[in-house]
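**Q** fold the following and give me the result.
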Amino acid sequence: MNFTCFSVKLKMISQSLIEIGILGFALLLDIIGTSIPQWWVISSEHASTNIGLFQKCRSNGGETSCASFPERNLQDWMKAVQAMMILSILVLGGAIGSAILFSFKMRDLKQLELLSGVLGAAGAGFAVLGVIIYAAKASDSFPTGGLHAGFGLAIVSAIFAIVRTVMIFKSRNANDHNV
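**A** Numbers count the residues shown, from 1 in each chain. Model prediction:
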């Protein structure tokens, strides 16, 4: 193995690690954003209510109590947001798995890299759909308050997944032109 070949392999591995890191960070933000009860916050002088996708927490003074949403009373738009965010988590997990397989085990299987890119884009798309539905419907259901951390984390997660997808397809195009 000559120095040039070693340098190219090292560059490919480092780029793969960066892409996997970005995707892992997007997945982590997606999981945290989906699970925390802070998509919508209603605050008053003495109490605050944090509404998430799966539970609502009320703080009154120093006491906080949380309760899960009963599934039978959940509005359809909230079920849709839950579904989109869960699908986003699952698909981003699949994107990471296929990226790891491609990077370290099956380097000659270019379709695996393509699959990872498509899954990353789909994960970002599901998160964006969830965010759009929530933003469109939450203000109708909750007359006071505003969007909060979970909503923001979902947006940032989608941005990182999109950046990583662009990196994948840009590197694929560069590799196609160098062959």
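**Q** how would you label residue 56: helix, strand or coil?
**A** The three-state assignment at residue 56 reads strand, by DSSP: H, G, I helix; E, B strand; the rest coil.
**Q** quick check: the gap between the residue nearest to it when sequence neighbours are not counted and residue 75.
**A** Nearest non-adjacent residue to residue 56, counting by C-beta to C-beta, 6 or more residues apart in numbering: residue 67, 6.0 Å away. In short, each C-beta sits where N, CA and C put it, glycine included. For residue 67, the distance to residue 75 equals 16 Å [C-beta to C-beta, to the nearest Å].
**Q** parallel or antiparallel, list what pairs with the helix or strand where the residue nearest to residue 56 lies.
**A** Using DSSP states H and E, residue 67 sits within strand 63-68. With DSSP bridges as the test, strand 63-68 is paired with strand 55-60 (antiparallel).
**Q** what about the partner strand, average pLDDT?
**A** Taken as a whole, strand 55-60 has an average pLDDT of 94.
**Q** name the residues of that strand that are buried.
**A** Counting neighbours by 16 or more other C-beta atoms under 10 Å, one finds that the buried residues in strand 55-60 are 56, 57.
**Q** tell me which residues are up against it.
**A** 37, 46, 47, 48, 49, 50, 64, 65, 66, 67, 68, 69 (C-beta atoms under 8 Å, 6 or more residues apart in numbering).
**Q** leaving out the residues flanking it, which one is nearest to the residue nearest the centre of the chain?
**A** Central residue of the chain (C-alpha atoms, centre = their mean): residue 30, 3.5 Å from the mean position. Nearest residue to residue 30 in three dimensions, chain neighbours excluded: residue 157, at 4.0 Å (C-beta to C-beta, 6+ apart).
**Q** for residue 17, give me the pLDDT.
**A** Predicted confidence (pLDDT) for residue 17: 89.
**Q** I should have written residue 173 there, sorry.
**A** pLDDT for residue 173: 67.
**Q** just residue 10 next, same as before
**A** So, for residue 10, pLDDT stands at 65.
**Q** next one: residue 24
**A** 96.
**Q** that concludes my questions; thank you for your assistance.
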